[in-house]
Structures are given as structure tokens and as C-alpha cells.
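Student: what's the 3D shape of this:
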Amino acid sequence: MKLILLISFSFLFLFSCATNKYQVNKVDNEIDAKGKINNQVIGIDKNDQAVIHEEIRAVDELQEQIWANQGMLDDLKYEAFQLKRCKRDLSDPRLEGDGKMYSIPNIDNLKDPVYVKEEFGIVEDDLKFVKKSMFIDQLRAERNYGESLKRMFKIVKDHREHCEMKMRRARLKVGLPAKRFQGKGHFENNQWVQDAPHEHDLDDAFRIIQIKHK
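Tutor: Numbers count the residues shown, from 1 in each chain. Have a look, this model is predicted:
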């Protein structure tokens, strides 16, 4: 038996390839169940094919993609911040840089716009402004956005790692440790006592190294 994966929404969304791509059809989800793994049912369909059947509510599928995208966006913003910081330090004349600030890959405008229909009128005896977009357009846009975020994350991360490799060499060359100074401390009488300062920028780095050499 050929094993295939069948995923359907509990709202029975199946978008036809006919003239109306937004047409909602009923999904044939009849299956002779033989077992279950988490939310997936393994069984035989009416064509005697072994299938893995999973039903996901449409709203949950979209929400999960939006949450995943937000998490990836946060990671991407952090990588972009670290890359910008590295390029700033590396261009500093004190690290024998040329003083110029070089651009980083653009992480904005990665999301495809979705057409939104706007209407103003009476809804349930009240004047309302109504916005409406097609579910499948929104879901596809979010999925495409997720793929774009993954690709951009890899690009920015690769740039950041390459930049930091060069920065470590540059720091060692001028007598700084390869890695930035990390602050250390401890609690004493319920108060935080700093044992070693944290490096926020190169000014801090050179100030800390001077103190250490005194």
C-alpha cells in the first residue's frame, strides 16, 4: 500500500483549482482507523490506501503560523542587531577600520501584502467599518513570510559569524580579548554587586583594558 499524508482542516477547507480558487468544498475524511499517533489517525481510506489523517482547525493553522513567524522574526532582529554591532566595531579606526559604516541585508518588507476589501455600512443596525480578506490568501502569505524569514535568518547569521571572526582577529591585534567583556557580579545583602563591568561598545572595551593594566 502506498503511504500518503492527508491533512485537512476541521472547517473542511479544500480550495478548488476551478474558476473560483476560494471555493470551499467538503473534504472526504472517511477512514477506517487502525491506530493513532498524537493527533494523527493511521488507517485505510475508501480507495484502499494507507493514509495518515490529521485534522487542524483553520484558525489554529493560521495562528500557529503567525506565532512561528513572530518567533523567527525576533531571532532575525537579534541576529541583525548583532551584525550591525559587529560591523560598527570592525569599522572603528581603533581596530584599524576605515571609519565607514557598511549596510547589512535588509530584513524589512519580507511579507507579501494581502488584498483587504474595505466596506462601510450598516451591520446589525449599527454603522460599522468592515475589513475582509480571503483566508487562503492570508495563510499563503504567512507561510511564504515564514520561508522568507528562514532564508533571511540564515543569510544574516552567516554574515554575523563571518564579521565576528574578523572582529576577533582585529581585537587581538590591538591588545583586546577576542570576545567582548562579559559583566560579572553577585548578590550581597539582597543587592547586586558588580565584580566585572560589561562591555557595551568599544569605548567600554578600551576603558576596561586600561583599568586592568593599572
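
Student: just checking, next helix/strand downstream of the longest helix anywhere in the chain?
Tutor: The helix that spans the most residues within the chain, counting by DSSP state H, is helix 135-173. Going down the chain from helix 135-173, the next helix or strand is strand 184-188, by DSSP states H and E.

Student: re earlier: which strands and helices lie in contact with the longest helix of the chain?
Tutor: Applying 3 or more Cβ pairs under 8 Å, 6 or more residues apart in numbering; DSSP states H and E, we find helix 135-173 packed against helix 58-90. To be clear about C-beta, it is placed using only N, CA and C from the backbone, and glycine gets the same treatment.

Student: quick one on the thing from earlier: how far out from the middle of the chain is the longest helix of the chain?
Tutor: Distance of helix 135-173 from the chain centroid (Cα atoms, centre = their mean, to the nearest Å) equals 9 Å.

Student: same question for stretch 82-97.
Tutor: Averaging C-alpha positions (Cα atoms, centre = their mean) puts stretch 82-97 26 Å from its chain's average.

Student: before we move on, what about stretch 61-69?
Tutor: With Cα atoms, centre = their mean as the basis, the mean position of stretch 61-69 lies at 10 Å from the chain mean.

Student: I'd like the next helix or strand past the least confident helix or strand in the chain by mean pLDDT.
Tutor: Across the helices and strands of the chain, mean pLDDT, DSSP states H and E gives its lowest value to strand 3-9, namely a mean of 44. Per DSSP H and E, the first helix or strand lying C-terminal to strand 3-9 is strand 32-37.

Student: which strands and helices lie in contact with whichever helix or strand comes after that following strand?
Tutor: The helix or strand immediately downstream of strand 32-37 is strand 40-44, counting by DSSP H and E. Strand 40-44 is packed against strand 32-37, strand 50-56, with contacts defined by 3+ Cβ pairs under 8 Å, 6+ apart.
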